[in-house]
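*Asks:* below are the sequence and a predicted model; questions follow.
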Amino acid sequence: MREAIDADSERIIELWQACGLTRPWNDPATDLGQARAGETSAVLVLQTPDGVTGTVMVGFDGHRGWVYYLAVDPGRRGLGHGRDLMVAAEAWLLGAGARKVQLMVRAGNDVTGFYEALGYTDQRTRVFGRRLEEPAGRPPD
């Protein structure tokens, strides 16, 4: 396990795409670059003799740790790589000062059993979001 380097970028994006983690409105190269450049974020990779076979993005917002882009090469699932990546993510976040870790799972991505087996629970929290391409409208009068 190590932090991503420039030479990993193409493979990381391939993994994210193979795992269905990318979306047309998010440029994965931008996401990767911003996470790697941030002082409170990183992209960790699982390096095997065959190359990069897994990734996880971590970030600490000063209150909570967050996990994004957990990806394991589809041909290598079931070998414990996802668990190893989460252990590394939690260690990184703990070192950054986080005392709680959160992650979001998109509707339709049936990975809840994986996270539940690691001790994660549904926090019963709704997540709201908005694209920042345009300023927010005025609140209604």
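*Replies:* That came through, no problem.

*Asks:* from now on I want contacts and neighbour counts done on CA atoms only, so please keep to that.
*Replies:* Fine.

*Asks:* give me the low-pLDDT residue ranges for this protein?
*Replies:* 134-141 (pLDDT under 70).

*Asks:* that one: strands as residue ranges?
*Replies:* Shown for the chain, the strands assigned by DSSP state E span residues 2-3, 41-48, 51-60, 65-72, 101-103.

*Asks:* please name the nearest non-neighbouring residue to the residue positioned nearest the centre of the chain.
*Replies:* Residue closest to the average C-alpha location in the chain (Cα atoms, centre = their mean): residue 68, at 1.5 Å. Spatial nearest neighbour of residue 68, excluding adjacent residues (Cα to Cα, 6 or more residues apart in numbering): residue 57 at 4.9 Å.

*Asks:* residues near residue 33, how many?
*Replies:* By the other Cα atoms under 10 Å criterion, the neighbourhood of residue 33 contains 14 residues.

*Asks:* tally of neighbours for residue 101?
*Replies:* Neighbour count of residue 101, defined by other Cα under 10 Å: 18.
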